[in-house]
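Colleague: generate a structure from the sequence data that follows.
(one chain, ligands or ions: 1)
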Amino acid sequence: MYHCIKTLVRNVTTATIRHMRPADLAEVTSLTEKESWNLSQEVVRTLYEYCPEGSFIAELQGKVVGAIMGFNMNEEESFGGMWVVSKQHRGQRIGTMLLQRIKEHIGDRNIGIFSVAESVEAHKRFGFTVESWKICHVSGIIATEKIKLAEDCMVHVCAFPSRHVQFDDLFQYDTKIHSVERERFLRVWTQGKSTITLVAIGRTGEIVGYGVIKRDSNDTVVGPIYGETPSVMKTLLVSLISKTTFGENINMSVPVESEILQELLVENKSTLKVLSEETRMFFHHEVKAPLEKIFAIASSEAGHC
Ligand SMILES: CC(C)(COP(=O)(O)OP(=O)(O)OC[C@H]1O[C@@H](n2cnc3c(N)ncnc32)[C@H](O)[C@@H]1OP(=O)(O)O)[C@@H](O)C(=O)NCCC(=O)NCCS
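Modeller: The predicted structure follows:
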């Protein structure tokens, strides 16, 4: 009898931490939806496929009550995200158990995160010594006809992959921006049935930017958009939005300092809103990125920029 009660109490209060499986993705997406992260099941699935060995869940009585992901990018650098516990199970150390599992996974690597505004001080206490730039999550409808494009922007936008752009070309360009090679991430992020990737090609045939849009029945997510100049980034944004239906809601994570963002917010003030802000933080050292070439990051759950 005593044993039965003890087992019952343990089952009610103790979650099991285990690797995420494809069958968990719907429940994980539902946890992120309750936080209004607007990730879409497609994005959650893509992140899982990028790194199943770094994706963990907390399970309690057969239900997913928490999740976390950690991506080892090389021997020195890693990135963490998707740290969430369902509201009714918070404060029971489940978050700490998930965090501990990720710490074991990343080892001694430097780790980057995007921290929600109210947690920046807590993360500093946890040892995230470096506070870097901020992004904001914007959501809404963007009227592309109001975007001012420079007339002298001589770029040709083409689909990826195509005979004009091979994977290695895109990978090389991405590494110039991101500085840490992320071949595995690019392979899953830039392709897939609900994904369109567009590449901007300059006058002499070189890549000068690229952008990605992911759409499923619930959400449309645009990111990253990288480009050598603001004109290239705006051209990519217009081309990506032209792939959606009229009046479609777009979700993006954009550096708060972006001048293009300010222009979009002014021109679309009744339809486009800033939902929340996050701060890029690192444990040991900052991973530099050329902010002036970044209009939107892929996802604050997936990488430094
Ligand atoms: C953050 C979160 C996963 C913690 O889960 P939890 O199971 O409640 O955490 P625990 O009970 O293990 O508490 C862990 C510690 O994290 C702290 N904490 C709580 N919320 C936090 C947050 N949003 N960011 C950082 N730390 C947080 C707690 O105060 C506690 O600190 P202590 O050890 O000094 O007491 C949970 O609050 C959550 O899902 N929040 C919403 C999503 C979110 O903000 N995720 C973090 C994105 S950066």
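
Colleague: quick one: name the residues of this structure near the ligand.
Modeller: If contacts are counted using C-beta under 6 Å from any ligand atom, the residues of the chain sitting beside the ligand are 35, 83-85, 90-96, 115-116, 119, 122-123. Glycine gets a C-beta too; all of them are placed from N, C-alpha and C.

Colleague: show me which residues of stretch 241-254 are buried.
Modeller: 241, 244, 250, 251, 252, 253, 254 (16 or more other C-beta atoms under 10 Å).

Colleague: list the contacts of it.
Modeller: By C-beta atoms under 8 Å, 6 or more residues apart in numbering, the list of residues contacting stretch 241-254 from outside reads 38, 135-142, 144, 196, 213, 215, 219-223, 260-261, 278, 295-297, 299-300.

Colleague: how is this structure partitioned into domains?
Modeller: Using automatic domain parsing, the domain parsing of the chain gives 2-108, 137-296.

Colleague: hey, least reliable of the ones you listed by pLDDT?
Modeller: Taking the average pLDDT of each of the domains of the chain, the minimum falls on domain 2-108, with a mean of 89.

Colleague: now do the strands in the stretch 51-200 of the chain.
Modeller: With DSSP state E, counting those that start in this stretch applied, the stretch 51-200 of the chain shows strands at 55-60, 63-72, 77-85, 110-116, 130-140, 156-160, 195-201, listed in chain order.

Colleague: need those in JSON lines with distance to residue 234 and mean neighbour count, can you?
Modeller: As requested, these are exported to JSON lines (distance: least, C-beta to C-beta, whole Å; neighbours: other C-beta atoms under 10 Å):
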{"stretch": "strand 55-60", "distance to residue 234": "35", "mean neighbour count": "22"}
{"stretch": "strand 63-72", "distance to residue 234": "30", "mean neighbour count": "23"}
{"stretch": "strand 77-85", "distance to residue 234": "28", "mean neighbour count": "23"}
{"stretch": "strand 110-116", "distance to residue 234": "24", "mean neighbour count": "22"}
{"stretch": "strand 130-140", "distance to residue 234": "15", "mean neighbour count": "18"}
{"stretch": "strand 156-160", "distance to residue 234": "11", "mean neighbour count": "16"}
{"stretch": "strand 195-201", "distance to residue 234": "10", "mean neighbour count": "22"}
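
Colleague: ok, how many other residues are close to the closest residue to the ligand within the chain?
Modeller: Scanning the chain for the residue nearest the ligand gives residue 95, at 2.3 Å (criterion: C-beta to the nearest ligand atom). When counting by other C-beta atoms under 10 Å, one arrives at 17 neighbours for residue 95.

Colleague: same question, residue 35
Modeller: Burial of residue 35 is recorded as 13 neighbouring residues (other C-beta under 10 Å).

Colleague: that one - nearest residue in space that isn't next to it in sequence?
Modeller: Closest residue to residue 35 apart from its sequence neighbours, by C-beta to C-beta, 6 or more residues apart in numbering: residue 84 at 6.1 Å.

Colleague: cool, thanks, talk later.
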